[in-house]
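Visitor: I'll drop the sequence and a predicted model, then ask my questions.
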Amino acid sequence: MPDLRSLYQEIIVDHNRRPRNFHTLPDANRTAEGNNPLCGDRLTVYMKVEGGVIRDIGFVGSGCAISTASASLMTESLLGKTELEADSIFGGFHALVAGTGSAARTGLGKLEAFSGVREFPARVKCATLAWHAARAAMKTPGGTASTE
């Protein structure tokens, strides 16, 4: 049986190679760009929010494996959630990768694959870029999120 770290690596590699929800949404009513000048990651998050619920979500852009995999898993995690739930998941994810919380306390499921990122502080920005863009899309549609 593979160890947990190996399983986590497999999840990240899979979502980097085959990102889920990697597309624009022509009918999106919330968008935001994300930019990580340190790493060169750039993406745009698209959402269709109706009645406070994320009905559809996608992203496009380019970035490192951590950034792309995080964006992919983020879209799966936020689809169908309310904006309040999405904000809560963002908080839990950020605490996990920054080393200030644990997935066991926040119920992050597959997102726990990023728990090792806390060992590489420069990569925290890669892992959270899409999340900051999604948060910007919800709070200031059309805005830009930067990791700097």
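Guide: Cool, got the structure.

Visitor: and the nearest residue to residue 21 once chain neighbours are set aside, how many residues sit next to it?
Guide: Nearest non-adjacent residue to residue 21, counting by C-beta to C-beta, 6 or more residues apart in numbering: residue 75, 3.7 Å away. Where C-beta positions appear, they are placed from N, C-alpha and C, glycine not excepted. Neighbour count of residue 75, defined by other C-beta atoms under 10 Å: 25.

Visitor: roughly how far is the host helix or strand of residue 144 from the heart of the chain?
Guide: Residue 144 belongs to strand 143-146 when assigned by DSSP states H and E. With C-alpha atoms, centre = their mean, to the nearest Å as the basis, strand 143-146 stands 14 Å off its chain's centre.

Visitor: Who does it pair with, and is each partner parallel or antiparallel?
Guide: Strand 143-146 pairs in its sheet with strand 30-36 (parallel), by DSSP bridges.

Visitor: what does the partner strand rub up against?
Guide: 41-49, 61, 63, 67, 125-126, 129-130, 132-134, 136-138, 140-148 (C-beta atoms under 8 Å, 6 or more residues apart in numbering).
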